[in-house]
Each structure stands twice: as structure tokens, then as C-alpha cells.
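Chemist: how would this look folded up:
(3 chains)
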Amino acid sequence: MAEMWINIGPQHPSTHGLWDLRIKVNGEVIIDSDPQVGYLHRSVEKICERKEFIMAMPMTERLCYVANMNWTHLYVHGVEKLMNCEIPDRAKWIRVMVCEWNRVASHLFWLGAYVHDIGNLTMFLWPIREREYVLDLLEYITGARMMYNYPRIGGQVKDVDDKFLRRSKVVADMILERTVEYERMLDDSDLWGMRTKGVGVIDRQMAKNAGLTGPSLRASGVDYDTRKALPYWAYNEVDFEVPVYDEGDCFARYRVRLEEIRESCKIVKQCADRMPEGEFLGKAPRVAPKTSAWVRHEDPRGESMCWIMGTGGKNAYRTKFRSPAFVNISALPLMLLGYKIPDVPGIMGSIDVCIGEVDR
Amino acid sequence: MDLDPARDYAEGEGVLFTRSKELLLRAQNAIERSLVEAPIVSTYVRRLVNNSMGQILRVGQAASIWPLHLGIACCAIEMAAMGASRFDAERLGILFWSSPRQCDVLFINGTISRKFAPRLRMLYDQMAEPKWSMAVGNCAISGGPFFEGYNTVLGADQIIPVDVYVPGCPPRPEAMLFGLIKLQEKILMQRPDFLGTGIRQELARETGAQ
Amino acid sequence: MAAPMLPPGAPPLPVSTLPPAPECVELATRIESAWKGKVKSVRAMNPLNPGIQAEKNVFVAFESETGAMPAFWKWLRDKEKFDHCSVVVAIDHMDRIEVKHLLFSYTTHITVETSAMCDRMDPEMPSASLAWRGANWLEREQFDLMGVKFIDHPDLRRVLLPDDWIGHPLRKDYEFRQAGEWW
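Modeler: Here you go, the predicted structure:
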């Protein structure tokens, strides 16, 4: 049988971004794989060293462009940790709310793109329709559809008002209803089951060792969520479940993300009910000490980390972002071995890659 | 690539062209030769046929733009939103197509890095004539927010010729649709080209005319 | 938190008076007793401000004697159940390069930060990818951007930049646009 290397990418409709998944096939069966990334390396870490902290925040927004709020708040959180600056309570609850909304938007976009790869074009349009409502909400408070520029060091730049909180609850209820429709469309479908159940399996021990994090890890049976383990902001005061499945295949990853959409909607409703009064922007020091600090977040893709070292001045000496998708792609070869070429879009899409954060 | 459209080329000549382009040139030469018996009538007829059929062809090209399925960075998400539920781009005739050989437009929607630049040129070269390109977003116009990066190409027009620029970071889907309408206007404004079937556009681009 | 460097006239470091968590202290004593002489210093760090994020950190410094690091990492993985390598950071202080590995345990939620110094002209360090596969690409990235060679790494080549790139951009003496470049 012929053994050869096949390039899937960088221009490919299923890759959702510019990366090259090279697979070595023997006939149709995959025997090795070597992902190549870096086609979108934008030298963000180097640029962040030249800019002041707040000037570097729009760079981080463009890192993971589907989950902007999560990454800007990650960076600002890291800077606040470095400066040892606490934020007001209202700012904490606002941050939880917008980050969870962005998690919903990111998972909806992932769902639309993933089912589009597998072939279900109806399910591409439905989640994007829901995502437009979420983007409308975020546009109401920030003014932009995608690059929000919302946090500042010490809090948020603008306040949320009651109209936003009321509309959030309405949209959250609507999304909770519509996820039932998604389940009915996908879970009972034989075709979906054939393409995703038992495909791309990775077991628990290998997933932990390979650095896989986030929904892909929870789909392999590890009950770990940074929001529960090392809580930040107001996450220890809201009530939510963490979905964990044991099978480790593409279907389990899809189920974890669908349930996470539901849990995030519940978190948003709780935040809307319990939002405390007060300031939304506290005072922050101008300079950061010459030491280092890091924060961990639960990104829609996994565990992201921002490691910053200050200079004693207004900018950073070294900024390092741990991108979950970067390490998830490195674990992808383990999920591909032994499967066939038509399984590749299904497995590739199920780990939810956003190339901006991979390449930084 | 200095082939003369008025000349008849023998088989095997012009090896830089693909076989299909050679056949096209030969077909064009054959049509022109067939009309050359009555010189005045042939020019008039040729121009009549070219302008009328060519205009219909331009209307067809403008009304069914098939872009390449290429998503580079953040602007690609807004482009996907443009093609999806709320800002349906398919009503303008847009169908995202994966194969560059059969596409009309190349949207450059994101920062081009030096690792990707040769691939972008390869994709553009693989597209068949007539082709256009649209630079979407600040990164594709001039490097955008990443102009200080060591790995950033300062704009897509360093690598491929660009027809329409849509500024924004990212531009709203409505802005991208406006850019598409401008591209449609540009296509309709171009000289009708029925008998040349695209070779003229490519040669004009090479020589700098049109 | 790293071993701090204070130039004269710098603002003072924030000093935390909160005690470290008991698990961190126990882990620090276990590391000290098992690796006495091979480790330069072990410290259970005081959590900085739990209002920002809860944290449990243990800092292990190896300085320039990195010979015991592969065995230490394997011991952490097998005996202490640290099953996740979070991040590998290489920092260019102007006279040396410091490489930190942050390791995490899913059961106890403790982060162990191992820090090693390498010579700036020819930085070499043992690789943690033999203990954790997740460190593979993280170390490749630091090789790519900073030039740190990881000994015994199974596949050390550039990951983010093109293969024929010359230089390591994140070093402090790397110019943004080399002379004569316009794109």
C-alpha cells in the first residue's frame, strides 16, 4: 500500500484557520501526523513588550478572535495580579457575565462550524442566528460586535444598565430553549452518531499527560474546571455544574460544549439577578513592580494563562500567553492514529481550534 | 509572458502557459481569422459581438461572485457572519467555494505573515481568469495593528494585486457587503471581454493597462 | 512569584503576610528532604491576594545545575501526581536566560514552578517532554522564539516561524525590522 504525506491546509474549509495538518496515510488509514502552525504568527508577545499595559490590551483581543472578552480580561487580570490591585465587586460580576456570554458565543460559533464540516448545513445557520443575539447584547454595552475593548486595569470602562440585564435574561432563556432543538436535531440522528461516536478517542491518562485542557479534557473523564478549582472574580458565588463525560470521543466533546452553553446561560441569569451596586472602575497603580505573576482562566478552549513580568515601569518585560489550543493541537496526532481520512474534519473540528491564539 | 494575442501560436509554443490557455488563444485566433475576410464588417461584427455578449458576461460575473473559502484571521469570522444567518450574502450570489481553480474572488481577511505570504501568492496564481481580490480589514490593507511585528507583511498588496479595500478592524458585515457591491460595480465597469475570455484582462494586468 | 531582582531606586515589592496553604508547605518539605543538595532552594510561596485569584504555589530553583531536573520531573509526575505541564517560559535577562516550567496537579491544585538559568550564548536545558508530552510543543516554541535548546527533546525544530528564519525574535537584542526590510 502506498504511504504518503497529505497536506490538509493551510487553505482548507475544515481547518477553521490557517494551519496545516499533515497526515501520513497508508492507503486511507492515518499512521502519523505532524501539524504545522505559525501561518498567523503576529509577534504579539514582542509587541506587548514595547507598549504600555493598557495599549497592549487590543493586541490580546485579536489573539483569540472568537472569545475576545475572555482574552482581554485574562490579560487585564494578569496585570492586576502583578500590580496587586483589587477590583470592585460590581466589576467582578460584570466580568463574569460578559465572559460567560462570550463563552456562549464561542461555543455557538464552534457548533455551527463543526456541524458544517460534518455536513449539516441547517445547524450551521441556527447557532449563528443565536450568536447574533448575543453579539447584539455585547454591542449594546460596548459598541462593537467583535473587538470590544471593554476591560481596563481596575475594572470596566463602561457600566451595564438594567436594560442589558433584562435583555440578557430574555436571550439566555431563548438560547436554553433552542439548545433543546439542537439536541433533537443531532443526538437522535444516526448519521451524526456514525460520524462522531467512537471517533477520535483519547483516554484519560494520555489526555492529562498531553496537556489537553478544557472541554476536550472533560470529555475524557477528568473533572477539572479552573472556575471551580482556582476561582477568580465571582465564580465561587455562582452556582453551576461542570459537565464531564467518559468516552473521550468527538460526540462527548460536542456534548460537553452543548451543556456548557446551558450552564453559561444559567450563570448569566444569576449574574443578572444578583448584580451588586457600586463602582465599576477602581483605582489602579500606574507602574508594575519588577516581579512576575500569572493567572489561570477557563477559556472556551481550555485553560489559558497569562504570565507577566514587569519592569518597574509602565510596560511589561515579558508577557507570555499559554494558549490552550496550541497544546490541544499538539495532542491531536494522538487522536488521529488509526482513523481514516474522512474522519479528519470531524476530529480536527472537535478540539475547537482558534488559530489566532495558537500562533499569537 | 509576452505572448502576442494577434499571432497564431503553434503547438508546443508558449510553454509557460497551461494547455488550456494555449487552446483558448488558438480558439480566439481562429474566430478572428474567420471574421477577417471582409475587414470592415469583421471589425464591426467583432465589436458588436464582444460588447453585447461581453456585457452579459460581466453582468453574470458580477451577480455570481464565488469567493475562495479562505479564513485567515479575525475578519474571517465577520465574513462567516456575513455569509450566515443575519447578513445573508448568498442573496447577492456569493457561494464560498473551496477550490481556487473555480473561484472568482480572493478575500484576504486577516494579517498576512511571512510564512503564509508564498502560499497566498500560490493561491492567487492558481485562480483562473477573470479574478479579483478584496483586502478586508486593516491588516490586509497595511499591516493593521500588527505593523510593528517582525513577521507581518505590511498589506496584501505587497504580494497580490488588490481591487477593493474594505477598512475596519474588523469591518462590520454591512461594510463587507458594501465592499462587495463596490466590487460588483468595478466588474460591471470593466471593458466587456467576450472574445478574449479573460486573457486580455490578464495581459492588461501584466502590462499595466485597463 | 519569581526570585525578585531589585535595581536601586525601584518601587518596593508587594509583601504578602498571608501564610501559604498547608499542602504547599508539606510538599515543600517533601521536596527538600528528597532532593537535598540537588536543588538550590525550595519555597512555598505566600499567596499574593486571594481576592484576585486563589493560588497555591511552590517555587523550586535549580539555578545553573540542571542535571537533576529530569529525575525531579519524573518524581513529580509519578510520586506526587503532577500530571500537567502548564507552561514553559523563557525570559531573557541580559546576561542569562531563565527557563521556568510550571507544573500543575489536578488533584491538589498546587502549581510547582521550577526555574533554571542558562548561559545566554549557548542556552541548553534538559527537556520536560520526556515526563509530560504536553511540554513538547511548549518547549519547541521557546526554542523557536528564544533559542533555548532542550536536551533530549524528541523533535526540536521551529514551530511558529518558518524553518529558514534566522535569529530568535524574543531576545532583547533582536531588532524588529532588520535593516533594509520593508515588508
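
Chemist: pLDDT below threshold where in chain C?
Modeler: Judged against pLDDT under 70, the low-scoring parts of chain C cover residues C:1-15, C:177-183.

Chemist: For it, which segments are assigned as helices?
Modeler: Taking DSSP state H, the helices of chain C run over residues C:22-34, C:69-78, C:135-146.

Chemist: What about residue 121, how many residues nearby?
Modeler: You didn't say which chain, so I picked chain A. 9 (other Cβ atoms under 10 Å in any protein chain shown). Bear in mind the C-beta positions are built from the backbone N, C-alpha and C, glycine included.

Chemist: Chain C, not that one
Modeler: The burial count assigned to residue C:121 is 8, neighbours taken as other Cβ under 10 Å.

Chemist: Tell me how far it lies from residue C:92.
Modeler: Distance of residue C:121 to residue C:92, given as Cβ to Cβ, to the nearest Å: 12 Å.

Chemist: tell me the SS of residue A:108?
Modeler: helix (DSSP: H, G, I helix; E, B strand; the rest coil).

Chemist: how near is it to residue C:105?
Modeler: If you measure residue A:108 against residue C:105 using Cβ to Cβ, the figure is 33 Å.

Chemist: neighbour-wise, which of those two wins?
Modeler: For residue A:108 and residue C:105, the more surrounded residue by other Cβ under 10 Å is residue A:108, and the numbers stand at 27 against 19.

Chemist: is it true that that one touches residue A:131?
Modeler: Yes - proximity of residue A:108 to residue A:131 meets the contact threshold set by Cβ atoms under 8 Å, at 4.4 Å.

Chemist: Doesn't residue A:319 lie inside a strand?
Modeler: Yes - with three-state DSSP as the criterion, residue A:319 is part of a strand.

Chemist: show me what contacts it?
Modeler: A:45, A:48-49, A:56, A:75, A:306-309 (Cβ atoms under 8 Å, 6 or more residues apart in numbering or on different chains).

Chemist: Report the separation between residue B:60 and chain A.
Modeler: If you measure residue B:60 against chain A using Cβ to the nearest Cβ, to the nearest Å, the figure is 25 Å.

Chemist: ok, now which ones touch that residue?
Modeler: Under the criterion of Cβ under 8 Å, 6+ apart, residue B:60 has no neighbours.

Chemist: what do you get for residue B:107?
Modeler: Neighbour list for residue B:107: B:67-68, B:70, B:79, B:133-134, B:136 [criterion: Cβ under 8 Å, 6+ apart].

Chemist: Just send those residues back as a markdown table, with neighbour count, distance to residue A:11 and pLDDT too.
Modeler: Output for these, formatted as a markdown table (neighbours: other Cβ atoms under 10 Å in any protein chain shown; distance: Cβ to Cβ, whole Å; pLDDT from 0 to 100):
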| residue | neighbour count | distance to residue A:11 | pLDDT |
| --- | --- | --- | --- |
| B:67 | 23 | 12 | 93 |
| B:68 | 26 | 7 | 92 |
| B:70 | 24 | 5 | 90 |
| B:79 | 27 | 14 | 91 |
| B:133 | 24 | 14 | 93 |
| B:134 | 24 | 16 | 94 |
| B:136 | 30 | 16 | 94 |
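
Chemist: Tell me the one of those residues nearest chain A?
Modeler: In terms of Cβ to the nearest Cβ, no member of those lies closer to chain A than residue B:70, at 5.1 Å.

Chemist: Find the nearest non-adjacent residue to that closest one, please.
Modeler: Distance criterion Cβ to Cβ, 6 or more residues apart in numbering or on different chains; nearest residue to residue B:70, sequence neighbours excluded, is residue A:11 at 5.1 Å.

Chemist: which ones are touching the one you found?
Modeler: Listed by Cβ under 8 Å, 6+ apart, the contact partners of residue A:11 are A:18, B:68-70, B:100, B:119, B:123.

Chemist: Which of those residues ranks first by neighbour count?
Modeler: Neighbour count (other Cβ under 10 Å) singles out residue A:18 as the most crowded of the contacts of residue A:11, with 32 neighbours.

Chemist: Next, that residue: secondary structure please.
Modeler: At residue A:18, secondary structure determined by three-state DSSP is coil.

Chemist: and the gap between it and residue A:193?
Modeler: Summarising the geometry, the distance separating residue A:18 from residue A:193, computed by Cβ to Cβ, is 31 Å.

Chemist: repeat for residue B:149
Modeler: In this structure, residue B:149 lies at 44 Å from residue A:193, with Cβ to Cβ as the measure.

Chemist: likewise residue A:300?
Modeler: Distance of residue A:300 to residue A:193, given as Cβ to Cβ: 25 Å.

Chemist: and these two? which has more neighbours close in?
Modeler: Relative neighbour count places residue A:300 above the other of residue A:300 and residue A:193, with 27 against 14, counting by other Cβ under 10 Å.

Chemist: surely that one meets residue A:67?
Modeler: Yes - under the criterion of Cβ under 8 Å, residue A:300 is in contact with residue A:67, at a separation of 5.0 Å.

Chemist: Kindly state the pLDDT recorded for the closest residue to residue C:49 other than its chain neighbours?
Modeler: In this structure, residue C:49 finds its nearest non-sequential neighbour in residue A:84, 5.6 Å apart by Cβ to Cβ, 6+ apart. Taken from the predicted model, the pLDDT recorded for residue A:84 is 84.

Chemist: for whichever residue of the stretch 201-350 of chain A sits closest to chain C, helix, strand, or coil?
Modeler: For the stretch 201-350 of chain A, the residue closest to chain C is residue A:211, as judged by Cβ to the nearest Cβ, at 2.0 Å. Classification of residue A:211 by three-state DSSP places it in coil.

Chemist: Quick check: closest non-adjacent residue to the residue positioned nearest the centre of chain A.
Modeler: For chain A, the residue sitting closest to the mean C-alpha position, by Cα atoms, centre = their mean, is residue A:300 at 2.5 Å. With sequence-adjacent residues excluded and distances taken as Cβ to Cβ, 6+ apart, residue A:300 is closest to residue A:106, at 4.1 Å.

Chemist: on that earlier part again, need the contact list for the residue nearest to the centre of chain A.
Modeler: Residue A:300 makes contact with A:66-67, A:70, A:102-103, A:106-107, A:110, A:214-215, A:260, A:352, according to Cβ under 8 Å, 6+ apart.

Chemist: Let's see which of those end up in helices.
Modeler: A:70, A:102-103, A:106-107, A:110, A:215, A:260.

Chemist: among those residues, which two are most distant?
Modeler: The most widely separated members of the ones in helices among the contacts of residue A:300, counting by Cβ to Cβ, are A:102 and A:215 (15.1 Å).

Chemist: who has more neighbours, those two?
Modeler: Between residue A:102 and residue A:215, counted using other Cβ under 10 Å, the more crowded position is residue A:215 (32 against 27).

Chemist: Neighbours of the residue lying closest to the more buried one once chain neighbours are set aside, how many?
Modeler: What sits nearest to residue A:215 in space, not counting adjacent residues and going by Cβ to Cβ, 6+ apart, is residue A:256, at 4.3 Å. Residues within reach of residue A:256, counting by other Cβ under 10 Å, total 21.

Chemist: Can you check the pLDDT for residue A:256?
Modeler: Looking at residue A:256, its pLDDT is 94.

Chemist: Now it. Its backbone dihedrals?
Modeler: As for residue A:256, its main-chain torsions (degrees, to the nearest 10) stand at phi -60, psi -40.
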